[in-house]
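Participant: Build me a structure from this.
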Amino acid sequence: MTLFACGLVLAGLLLTVVAQLDRTEEPTPPPTPDVTELLAPTPLTPEDRRAGRRFDQTRFDLPAEGWIQISGPTGELAQQYRFDRLDPDPPSHGAGWLHMTRPELEVYLETGRVVTLRGASAFGYAPNQAVESGTLTGDVEIRLYEETAGARLDPDVDEPSLVVRTPEASFDNILGEVRCDGAIAMESPHGEFVGRQLKLLLNDQEDVIELLRLEQIDFIRLAAAPVSEPEPARDATPAVNATSARGSSPPPRA
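Facilitator: Presented below is the predicted three-dimensional model:
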């Protein structure tokens with residue numbers, strides 16, 4: 001029994017050695033890194049949203065002399081505007097509002113007239129890129145130009161028919177309305193007006209100013225009517241009686 005047991009042990013050892021010799025070396029797997037639990041991001045707080053709005057990427061500059069142009073239904077130029085700086089999402093206003101620094105806005109009416117507005121800054125409502133309404137503040141100047149015969153407005157050449165200067169003005173391009181609640185100075189070929197609380201309503205279908213109302217007038221200076229030159233004097237030749245020209249018959253003798 002002892003010899004038999006020893007033989008079994010030796011046989012087992014021999015099989016183990018043979019198995020180790022035949023086994024190919026397998027690559028050692030890389031160590032498994034420790035797993036770190038990832039947490040879902042928490043919702044933004046109102047402070048985070050306000051901070052994100054103030055990020056500089058929400059502001060951009062246009063190249064010099066660059067205009068944003070809006071076309072009308074038939075492809076004609078309806079309006080164009082530009083600015084030194086733009087905030088497309090001002091924190092103090094809702095969706096669709098813009099804040100512009102040194103804005104210039106030109107509105108081309110169907111009648112051929114052009115209204116221009118400019119100021120130190122402005123809030124404009126532009127839900128579809130076109131500025132529909134807004135408020136200008138600081139050195140506001142509003143100009144009305146008569147029909148430009150389809151040509152692009154050239155402020156250096158074209159003379160305005162009406163100029164309004166005021167510290168602040170609100171406008172509505174849909175209604176064709178301009179309001180100035182504070183002091184205003186207005187100039188036209190007919191004279192100068194100084195006062196307060198101006199309301200100007202333009203008719204986009206007819207070539208008329210539908211309403212121009214100044215609630216308080218402080219000063220008016222009317223332009224003098226142009227003096228027409230007198231017509232040159234005609235030679236005053238007395239009319240000659242036909243009978244006298246032929247000579248009258250002497251009175252009959254007594």
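
Participant: Output the longest strand belonging to the protein.
Facilitator: With secondary structure taken from DSSP state E, the chain has its longest strand at strand 208-222.

Participant: Give me the sheet partners of that strand and which way each runs.
Facilitator: In its sheet, strand 208-222 lies beside strand 191-203 (antiparallel), with partners assigned from DSSP bridges.

Participant: what residue ranges in the stretch 1-150 of the chain score low on pLDDT?
Facilitator: Applying pLDDT under 70 to the stretch 1-150 of the chain picks out residues 1-65, 148-150.

Participant: show me where the chain has helices.
Facilitator: Under the criterion DSSP state H, helices of the chain are mapped to 2-22, 46-53, 242-246.

Participant: Determine the number of other residues adjacent to Glu76.
Facilitator: 10 (other Cβ atoms under 10 Å). C-beta coordinates here come from the backbone N, C-alpha and C atoms, glycine included.

Participant: Leaving out chain neighbours, which residue sits closest to it?
Facilitator: When the adjacent residues along the chain are set aside, Glu76 lies closest to Tyr108, with 7.3 Å between them (Cβ to Cβ, 6 or more residues apart in numbering).

Participant: Tell me the bridge partners for the one you found.
Facilitator: Val114.

Participant: same question, Glu168
Facilitator: Per DSSP bridges, residues listed as beta-bridge partners of Glu168: Thr137.

Participant: Which residue is the nearest non-sequential neighbour of Ala183?
Facilitator: Of all residues apart from its sequence neighbours, Arg196 sits closest to Ala183 (Cβ to Cβ, 6+ apart), at 5.4 Å.

Participant: got it, and Val140?
Facilitator: With sequence-adjacent residues excluded and distances taken as Cβ to Cβ, 6+ apart, Val140 is closest to Gly119, at 4.2 Å.

Participant: any idea how far that neighbour lies from Pro189?
Facilitator: Relative to Pro189, Gly119 is positioned 24 Å away (criterion: Cβ to Cβ, to the nearest Å).

Participant: Over to Cys180?
Facilitator: Distance from Cys180 to Pro189, counting by Cβ to Cβ: 20 Å.

Participant: okay, the two: which has more neighbours?
Facilitator: Neighbours of Cys180 and Pro189, each counted by other Cβ under 10 Å, are more numerous for Cys180; the result is 25 against 9.

Participant: For that one, give the beta-bridge partners.
Facilitator: Under the criterion DSSP bridges, Cys180 forms beta bridges with Leu198.

Participant: follow-up on the earlier one: report the separation between the residue nearest to Val140 and Asp158.
Facilitator: Counting by Cβ to Cβ, the gap between Gly119 and Asp158 amounts to 20 Å.

Participant: quick one: which of the two has more around it?
Facilitator: Taking Gly119 and Asp158 together and counting by other Cβ under 10 Å, Gly119 has the greater number of neighbours (24 against 15).

Participant: Backbone dihedrals for that one, please?
Facilitator: Here the main-chain torsion angles of Gly119 (degrees, to the nearest 10) amount to phi -170, psi -180.

Participant: which ones are touching the closest residue to Phe193 other than its chain neighbours?
Facilitator: Excluding its sequence neighbours, the residue lying closest to Phe193 (Cβ to Cβ, 6+ apart) is Met186, at 4.4 Å. Met186 sits next to Leu162, Val163, Val164, Arg165, Glu192, Phe193, Val194, Leu198, Leu214 when contact means Cβ atoms under 8 Å, 6 or more residues apart in numbering.

Participant: For PyMOL, write the select line for the buried members of these.
Facilitator: Those of the contacts of Met186 that meet the burial criterion (16 or more other Cβ atoms under 10 Å) are gathered into one PyMOL selection, given here:
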select buried, resi 162+163+164+165+193+194+198+214
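
Participant: Just put the contacts of Met186 in a markdown table and tack on distance to Gly75.
Facilitator: Below are the contacts of Met186 laid out as a markdown table (distance: Cβ to Cβ, whole Å):
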| residue | distance to Gly75 |
| --- | --- |
| Leu162 | 28 |
| Val163 | 30 |
| Val164 | 31 |
| Arg165 | 34 |
| Glu192 | 39 |
| Phe193 | 38 |
| Val194 | 42 |
| Leu198 | 34 |
| Leu214 | 38 |
